[in-house]
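1. sequence and predicted structure, then a few things I'm wondering about:
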Amino acid sequence: MNTWLRTQPLFVLLLGISSLLMYFPMIYSMRLEDWLYARTFFYHGTFFLILTSIISIAFLSRKPSTKSVSHILDLFCSFIFIPVFLAIPLDYLVPSINLFDAYFEMLSSLTTTGASLFRDPKNLPDVLHLWRAIIGWSGGFLMLVTALGLFQPIGLGGFEVYDQSHKITSLETRIKRADMRVRMGTYTASIFPIYAGLTVVMSLLLIINGDRPLVAVIHAMSTFSTSGISNVGGMSGSHSGVFGEIIIALFLIFAVSRFMYQQDSDGHGMRRLLRDKEVNLMLICVTVIPFLLFVRHWSSAIEISNQVNFVAALSALWGGVFMVLSFLTTTGFESEYWNASRAWSGLGTSGLILMGLAVMGGGIATTAGGVKLLRLYALYKHGIREMQRLSFPSSVVGSGNAARSFRREGAYAAWIFFMLFLISLAVIMLMLSLTGIPFEDSIILAVSGLSTTGPLIYVAGESGLDYASISTSAKAIFCVAMILGRLEALAVIAVLNPNFWLK
């Protein structure tokens, strides 16, 4: 078995896992005695398992490549082609959509974007919502393992901000000798119990607070994968109320810091959590932005009525806190009190704030998308240092070699990624505009895709934008944006760069 796993490409392994996942909605359909859905998932899952076995036999005699870029290519191809297999049962069970629309749904789930053609969740049966949530949950776990097992050793996915030039010999040796499958297998064994166990714990907490079991499970999986998938329209359709939102907010910390899943090199990851710069940036955003919004609404409410409703004020404050945390982690759950916070004073809240939070993103080596908080912190430290040098050109800053390289080489790498992100954003916007979508909506769609925050379009704009209303060509461009946002531009460039292959 060990030898078999070592010889198989990542695409074949993921195809086999995807086939096995089809048995979960089959079991749920059997419980509901919905035999059409049960048979459909059973037949497709079994057929794809047989197909996986045939393909794996063909690769038994193949010597796997040891180049890291070949594994990135496997991952890139997996995000393109695996959703095709996942979409076939959905296409068969939903006659109102075609295969490409089903592919859009599955790619959105696998990349943890959460964009759906079915804005009204009642248009899909619960078993298909469960299928989307399972794929989103699995896609989030895939990115966790990939970030630690593949991106971290080669310096991608946000890890490029750490300069490891002083460890170049050991780093090159580790990349050469350590097989990617061994690394990913090790991280899978260490992370999966935490990932799955906490999902179960969160599901139980939501059930205790009033949610139906299926709603609780889907919301728990969506929280840990930051996909924002829901079968009841988000928090407004759940029965757990403010306590459910508090539970979700508490577990969203796993999308902010890598130390929640990974110990640092000294083995003190959990002890350093509160000192983590990504956590500190999150706390600043969650504290400052809702406070400024609260003060703005508070002053307007006083001017209008000369009275203050303290219950509405607290609801507005909590709505702002939850929305900031939800969109900062690129989850996209909308607080039940968000509309109340805007109606309280009669003022609207600019969607530009939520778009900016989605672009910032969560932590590296997490399920969140976006630019990532650590890169922003590196740019901030570099900016502070440059301002100091304006006044004291000959000054020398301490904190050791690691801190100095973080401010210099780390900030340089972060700046390159930020520029690539902006270029990608501009290109996607231009392509969407060419399909006839208005400029403002193109911006929202591009940010939504590149930051993997599908629900963003429902709260960032005022034009009633909907994924079902855009053309097929616009959906195809959005699919490109989702893949690019999930894998990040640096990884895609590594696949397309001949020099990287030669190394």
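-> Right, received. Where do you want to start? Just so we're clear, the structure is a prediction, and the values are computed from it rather than from any experiment. Numbers count the residues shown, from 1 in each chain.
2. hey, let's count contacts and neighbours off CA atoms from now on
-> Noted.
3. and for Glu488, the neighbour number?
-> 24 (other C-alpha atoms under 10 Å).
4. with Cys285 instead?
-> By other C-alpha under 10 Å, 17 other residues sit near Cys285.
5. please give the element, helix or strand, for it.
-> helix 277-305 (DSSP states H and E).
6. beyond that helix, next helix or strand please.
-> Counting by DSSP H and E, the next helix or strand C-terminal to helix 277-305 is helix 310-328.
7. worst-scoring helix or strand of the chain, pLDDT-wise?
-> Every helix and strand in the chain was compared by mean pLDDT, DSSP states H and E; the lowest is helix 168-177, with a mean of 41.
8. any buried residues in the very next helix or strand once past that helix, and which?
-> Counting by DSSP H and E, the next helix or strand C-terminal to helix 168-177 is helix 180-208. Neighbour counts over helix 180-208 (16 or more other C-alpha atoms under 10 Å) mark 180-181, 183-184, 187-188, 191, 195, 198-200, 202-207 as buried.
9. so Val492, which state does it fall into?
-> helix (DSSP: H, G, I helix; E, B strand; the rest coil).
10. start the count at 723 instead of 1 going forward.
-> OK, 723 is where the count begins now, so the last one is Val1214.
11. so which strand or helix has the nearest residue to it once chain neighbours are set aside?
-> Once flanking residues are discounted, Val1214 sits nearest to Leu1206: 7.2 Å by C-alpha to C-alpha, 6 or more residues apart in numbering. Per DSSP H and E: Leu1206 is located in helix 1194-1209.
12. OK, contacts around the spatially most central residue of the chain?
-> For the chain, Ala1090 is the residue whose C-alpha lies nearest the centre (C-alpha atoms, centre = their mean; 3.5 Å). Residues in contact with Ala1090 (C-alpha atoms under 8 Å, 6 or more residues apart in numbering) are 947-948, 977-978, 1051-1053, 1083-1084, 1174.
13. repeat the analysis, applying 7 Å as the threshold.
-> 948, 977, 1051-1052, 1083-1084 (C-alpha atoms under 7 Å, 6 or more residues apart in numbering).
14. kindly report the same for Ile810.
-> Ile810 makes contact with Leu821, according to C-alpha under 7 Å, 6+ apart.
15. now, which of the contacts of Ala1090 sits nearest His961?
-> Here the nearest of these to His961, counting by C-alpha to C-alpha, is Thr948; it sits at 20.4 Å.
16. thought that closest one was touching Leu832?
-> No - applying C-alpha atoms under 7 Å, one finds Thr948 not in contact with Leu832, separated by 11.1 Å.
17. ok, those two, which is more surrounded?
-> Legend: neighbour count by other C-alpha under 10 Å for Thr948 and Leu832, higher for Thr948 (34 against 30).
18. OK, contacts around the closest residue to Leu821 other than its chain neighbours?
-> The shortest distance from Leu821 to any non-neighbouring residue, by C-alpha to C-alpha, 6+ apart, is to Asp813 (5.4 Å). Residues in contact with Asp813 (C-alpha under 7 Å, 6+ apart) are 819-821, 824.
19. run the last query once more with 10 Å
-> 819-825 (C-alpha atoms under 10 Å, 6 or more residues apart in numbering).
20. before we move on, back to that, for the residue nearest to Val1214, grab the count of nearby residues.
-> 22.
21. same check, this time on Met1082
-> 22.
22. that one contacts Phe1049, correct?
-> Yes - Met1082 is in contact with Phe1049 according to C-alpha atoms under 10 Å; the separation is 9.2 Å.
23. now the common contact residues for these two.
-> Residues touching both Met1082 and Phe1049 (C-alpha under 10 Å, 6+ apart): 1076, 1173.
24. show me the contacts for Thr910.
-> Going by C-alpha under 10 Å, 6+ apart, the list of residues near Thr910 reads 863-864, 866-868, 870-871, 904, 917.
25. where is pLDDT lowest across these?
-> For these, the weakest pLDDT value sits at Val904, with 76.
26. distance check, it against Thr948.
-> To Thr948, Val904 is 27 Å away according to C-alpha to C-alpha, to the nearest Å.
27. next, count neighbours for Pro817.
-> 9.
28. ok, now the one 5 residues further on?
-> Phe822 is flanked by 16 other residues according to other C-alpha under 10 Å.
29. likewise Leu1015?
-> By other C-alpha under 10 Å, the residues close to Leu1015 number 17.
30. in space, what's closest to it - neighbours in sequence excluded?
-> In space, Leu1015 is closest to Gly1042, 7.3 Å off (C-alpha to C-alpha, 6+ apart).
31. spit out the contact partners of the one you found.
-> Contacts of Gly1042 (C-alpha under 10 Å, 6+ apart): 1008-1009, 1011-1016, 1036, 1048, 1056-1057, 1059-1060, 1063-1064, 1071.
32. how about a cut-off of 8 Å?
-> So Gly1042 contacts 1011-1012, 1015-1016, 1060, 1063 (C-alpha under 8 Å, 6+ apart).
33. of those, which is the nearest to Leu1101?
-> Among the contacts of Gly1042, Ile1011 lies closest to Leu1101 (C-alpha to C-alpha), at 20.2 Å.
34. what is the helix or strand where Ile749 lies packed up against?
-> According to DSSP H and E, Ile749 maps onto helix 745-753. Helix 745-753 is packed against helix 757-780, helix 848-868, with contacts defined by 3 or more C-alpha pairs under 8 Å, 6 or more residues apart in numbering; DSSP states H and E.
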